[in-house]
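Asker: can you look at this prediction? I've put the sequence above it.
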Amino acid sequence: MTMEITLESARALLPPRPKEGHKGTFGHVFIIAGSREFTGAAKLTCHGAGRSGVGLVTLGVPFPLGDVVAAGLLETMSLRLPATETEAVAQDALEKALRFSEDKQAVVLGPGMSRHEDTVAFVHDFVPACPVPLVVDADGLNGLSENMAVLGDRTLPTMLTPHPGEMARLTGLSTAEVQADRSGTASALARDRNVTVVLKGHRTVVAAPDGRVAVNTTGNNGMASGGTGDVLAGLLGGLLAQGMEPFDAACLGVFVHGLAGDQAADSFTARAMVAGDLLDMLPEAWIILEGIDP
């Protein structure tokens, strides 16, 4: 049975936020993202995580890009990783990234990482070995599509966040076939690979491996622009790091992300929106979700 994610159902998923909480209470998310061509993706993902309520965010970034990326991330810590000659994450970064992940509460892998063959090899090695809950997005998914078998070695929660084109590559279907049965396609992938799937697009679909399926009711076509998915990936990783169950984190994350998009469309029009506008509107979306009087 497919449910709709509404204001009431999303509100019921809000993780607890004790008054005596501190940075450690609300988790630490590790984001592996960015390459020479896509430094913005890394920044948007980190900012999205920062707006999730998580306590700490660290970005794993190719070593040569550390200063460039850090300049725009005042609240984010960084871990500089071995890089390819094209300034993407190298396969040699595996040991350092895994060691750093061990005491974190979630990892986000993929935004702006590029499709360099060494980076793809890193993805294939990191996914099965990651010791904590994992969100795989963007180029992480593109790398994963070349070797889906590595998912079979994961025992911890895993979330895949494809847009329709990425979903086609993950499943071997055409994009048209994916769009013709969005809920069915997402549900089949979730069940077959034991993952939570967030199939992005109009009425984003969330599917769990146990058969639960939910369709989001927020969002608009102003969100069809570069970078909005990076914001969502960070938001989802931040919610996982706060201890949420993956299906619940996905439902809450896509709802508040879409609600921020709706607030941005009201302020800037759907035509003029950019991904950064969602970051600016996420506080307003949380205010609405939490029922706080302005």
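Answerer: Arrived safely, thanks for sending. Numbers count the residues shown, from 1 in each chain.

Asker: strands along the chain, start to end?
Answerer: 2-5, 28-32, 56-62, 77-81, 106-109, 134-136, 158-160, 196-199, 205-207, 213-216 (DSSP state E).

Asker: relative to Gly40, which of those strands is closest?
Answerer: strand 56-62 (12.4 Å; C-beta to C-beta). Bear in mind the C-beta positions are built from the backbone N, C-alpha and C, glycine included.

Asker: nearest spatial neighbour of Asp137, skipping sequence neighbours?
Answerer: Ala233 (4.0 Å; C-beta to C-beta, 6 or more residues apart in numbering).

Asker: how far off centre is the lowest-mean-pLDDT helix or strand in the chain?
Answerer: Every helix and strand in the chain was compared by mean pLDDT, DSSP states H and E; the lowest is helix 66-70, with a mean of 88. Distance of helix 66-70 from the chain centroid (C-alpha atoms, centre = their mean, to the nearest Å) equals 21 Å.

Asker: helices or strands next to that helix in the packing?
Answerer: Contacts defined by 3 or more C-beta pairs under 8 Å, 6 or more residues apart in numbering; DSSP states H and E place helix 66-70 against helix 39-50, strand 77-81.

Asker: any idea how far the first one is from the middle of the chain?
Answerer: Okay, so that is helix 39-50. 10 Å.

Asker: who does it touch, helix- and strand-wise?
Answerer: Using 3+ C-beta pairs under 8 Å, 6+ apart, helix 39-50 sits against strand 28-32, strand 56-62, helix 66-70, helix 228-241, helix 275-290.

Asker: out of these, deepest packed?
Answerer: Mean neighbour count, computed with mean count of other C-beta atoms under 10 Å, is highest for helix 228-241 among the helices and strands packed on helix 39-50, reaching a mean of 30.

Asker: rewinding a little: for the strands of the chain, give me JSON lines that also has mean pLDDT.
Answerer: Output for the strands of the chain, formatted as JSON lines (pLDDT from 0 to 100):
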{"stretch": "strand 2-5", "mean pLDDT": "96"}
{"stretch": "strand 28-32", "mean pLDDT": "98"}
{"stretch": "strand 56-62", "mean pLDDT": "98"}
{"stretch": "strand 77-81", "mean pLDDT": "97"}
{"stretch": "strand 106-109", "mean pLDDT": "98"}
{"stretch": "strand 134-136", "mean pLDDT": "98"}
{"stretch": "strand 158-160", "mean pLDDT": "98"}
{"stretch": "strand 196-199", "mean pLDDT": "98"}
{"stretch": "strand 205-207", "mean pLDDT": "98"}
{"stretch": "strand 213-216", "mean pLDDT": "98"}
